[in-house]
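>>> Give me coordinates for this.
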Amino acid sequence: MPARRPHIAASAAQTELASSLAALRVALELPGAFPADATAEAERAAASAALRLAPPGVVDLTAVLDLTAVEFVTIDPPGTTDLDQALHIGRSPDADAGWRVRYAIADLPALVSPGGAVDREARRRGQTLYAADGRIPLHPPAISEGAGSLLPDATRTAFVWDFTLDGHGEVQRVSVGRALVRSRARLSYAEAQAAIDAGTAPESLALLPGVGRARLELERLRGGASLNSPDEEIVLGPDGYRVERRRPLPVEEWNAQLSLMTGMAAANIMVQGGVGILRTMPAPGEEDFADFRRQTAALGLPWPAGQHYGDYLRGLARENPAALAVLQAATSLFRGAGYLPFDVERGMPAPADPVQAAIAAPYAHATAPLRRLVDRWSLVICAALSAGEPVPDWARESLAQLPAIMGASARLAAELDAASLNRVEAAMLRGSVGERFPATVLSLRGERARIQLTEPVVTAECAAPRHPSPGSVITVVLRSADIATGSVAFEAV
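As a prediction, the model looks like this:
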């Protein structure tokens, strides 16, 4: 077979792709520049915060805990400037082989006035959107990349979650409240992983693998499950856009466990306090499990009776083509995620079953307020309940509005992701019309087959070949690739 073209080499295709991506923004009615009043309000809030926190400063340290001596660090994808979280891990002073984890979260409530111009625009947007040709932030840059971001060597107020863990990673104590913090370093995932592997990481970072592995084991024991599928990312390089498929680094999984632990703690605080908003996902039904079990058997990777589906998915060898088809089939088990607000005092009942099925515990979004609207509510509610103070009226009064806002933004984000990926894939393939490609059959629906090319990584559909079976490798011919619409047409041979 001819050599594959993993990126867009022709300038004409790049130009056409850029036009197609710009047209997609218009078609989806994506937000553009921030309104002038929101930009001005954000700049005033940032300037006010800088004035309060700059030396000698006028922050009342009797009311705000000073943790600027703690060496927090952030770990994010390279080039990230909207830094929501910073971590510090130490040994627990009162638990054998345990840890003390402090997790600082950006203090958006200090910068966004309820009902103000920034708040109104953030409610319209719902979340930061990631388009192939640039992200569309939830908040103006003066906040999202400036005063609200936990940038290195910058003093910020933050909501700091303080966990005491035993040697198994179980939470023994937790509290949350505002504090002054000062991050020491902005690390990429690759930089953090390299430092840990080389043994050069500072103690706080060097302890992350132990905490992460302990929390992953607790997830397994409580019945949590995750697809952990390889990521498909649109990357812009010197030769144009391409799609990269990669497995997350171990440090990404360990770091994610801190976020999950915080989300579970937030959910517990809100459930016990009788007010808040949970991230929900219903458990798969018996028919879902039975159908999935039949599919795994047909794929030659049968799900053993008596084994939890989370353990089964964790044990799949991702390099096996049949495993890709299994993961595709498993998406049927991870459906129906949403948000559930409750306020017992105001007649909004608490959830009868607060467990998020994939995590196997109550869970709330509380760690990404720069990029996700609902987290701002979770943080102020948890901080108030933790301190024994009244929950702010603005948060209680608007709780019921959040599911619709977040649902609409999630649907828009999913549509943007899929349409962007389709257009980039079409541009990658346009110069290969008439060529043959090996492809794995992921699933079958009627007379159509969902396939994934081996190289370049492209997922598409074609008419089902004769006697197909999910997990099998077939050969397909590319008949057309339309960049403007993102459609590609394959034919099985």
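
>>> could you pull out the helices for the stretch 151-300 of the chain?
Using DSSP state H, counting those that start in this stretch, the helices of the stretch 151-300 of the chain run over 189-198, 203-206, 208-222, 250-273, 286-298.

>>> out of those, nearest to residue 92?
Nearest of these to residue 92, taken as CB to CB: helix 208-222 at 10.8 Å. The C-beta positions use only the backbone N, C-alpha and C, and glycine is treated the same way.

>>> for the closest one, packing partners?
Applying 3 or more CB pairs under 8 Å, 6 or more residues apart in numbering; DSSP states H and E, one finds that helix 208-222 makes contact with strand 85-91, strand 99-106, helix 189-198, helix 250-273, helix 309-314.

>>> That helix versus helix 250-273: what angle between them?
Interaxial angle of helix 208-222 relative to helix 250-273 (axes from the mean of the first three to the mean of the last three CA atoms, to 10 degrees): 60 degrees.

>>> returning to that earlier point: which stretch among the helices of the stretch 151-300 of the chain comes nearest residue 175?
Closest of the helices of the stretch 151-300 of the chain to residue 175 is helix 250-273, at 9.4 Å (criterion: CB to CB).

>>> For that closest one, give the mean pLDDT please.
Averaged over helix 250-273, pLDDT sits at 97.

>>> how about the helices and strands packed on helix 208-222 in CSV, adding mean neighbour count?
Below are those laid out as CSV (neighbours: other CB atoms under 10 Å):
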stretch, mean neighbour count
strand 85-91, 21
strand 99-106, 24
helix 189-198, 16
helix 250-273, 21
helix 309-314, 17
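
>>> Where does pLDDT dip in the stretch 51-200 of the chain?
Residue ranges of the stretch 51-200 of the chain with pLDDT under 70: 54-63, 95-96.

>>> Correction: the previous question concerned the stretch 201-350 of the chain.
Where the stretch 201-350 of the chain drops to pLDDT under 70, the residues are 230.

>>> try 80 this time
For the stretch 201-350 of the chain, the stretches with pLDDT under 80 are 226-233, 235-247, 298-299, 318-322, 324-325, 328.

>>> pLDDT of the helix ranked longest in the chain, averaged?
Longest helix in the chain by number of residues, with DSSP state H as the criterion: helix 402-429. Helix 402-429 shows a mean pLDDT of 94.

>>> For that helix, buried residues please.
Within helix 402-429, the residues that count as buried by 16 or more other CB atoms under 10 Å are 402-403, 405-406, 409-410, 412-413, 416-417, 419-429.

>>> One more: stretch 152-166?
Buried residues in stretch 152-166, counted by 16+ other CB under 10 Å: 155, 156, 157, 158, 159, 160, 161, 162, 163, 164, 165.

>>> Run through the residues that contact the fourth one.
By that I understand residue 158. Contacts for residue 158 (CB atoms under 8 Å, 6 or more residues apart in numbering) come out as 86, 104, 105, 106, 107, 150, 178, 179, 180, 181.

>>> Look up which residues are beta-bridged to the first one.
This points to residue 86. Residue 86 has these beta-bridge partners by DSSP bridges: residue 104.

>>> That one: what's it in contact with?
Residues near residue 86 by CB under 8 Å, 6+ apart: 72, 73, 74, 103, 104, 150, 158, 181, 183.

>>> Turn the helices of the stretch 151-300 of the chain into JSON lines, including distance to residue 375.
Formatted as JSON lines, the helices of the stretch 151-300 of the chain follow (distance: least, CB to CB, whole Å):
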{"stretch": "helix 189-198", "distance to residue 375": "21"}
{"stretch": "helix 203-206", "distance to residue 375": "24"}
{"stretch": "helix 208-222", "distance to residue 375": "20"}
{"stretch": "helix 250-273", "distance to residue 375": "9"}
{"stretch": "helix 286-298", "distance to residue 375": "30"}
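
>>> Can you check which of those helices gets nearest to residue 468?
helix 286-298 (11.0 Å).

>>> ok now the closest one, how far from the chain's centre?
28 Å (CA atoms, centre = their mean, to the nearest Å).

>>> name the helices or strands packed onto the strand or helix carrying residue 38?
Residue 38 is located in helix 36-53, with elements delineated by DSSP states H and E. Contact here means 3+ CB pairs under 8 Å, 6+ apart; on that basis helix 36-53 packs against helix 117-125, strand 155-165.

>>> Each with direction, which strands does the very next helix or strand once past the first one pair with?
Reading on from helix 117-125 to the C-terminus, the next helix or strand found by DSSP H and E is strand 129-131. Strand 129-131 has the following strand partners under DSSP bridges: strand 134-136 (antiparallel).

>>> How far does the partner strand sit from its chain's centre?
For strand 134-136, the distance to the chain centre is 15 Å (CA atoms, centre = their mean).

>>> what's in contact with the very next helix or strand once past that strand?
Next in sequence after strand 134-136, counting helices and strands by DSSP H and E, comes helix 141. The contact list for helix 141, computed with CB under 8 Å, 6+ apart, reads residue 42.
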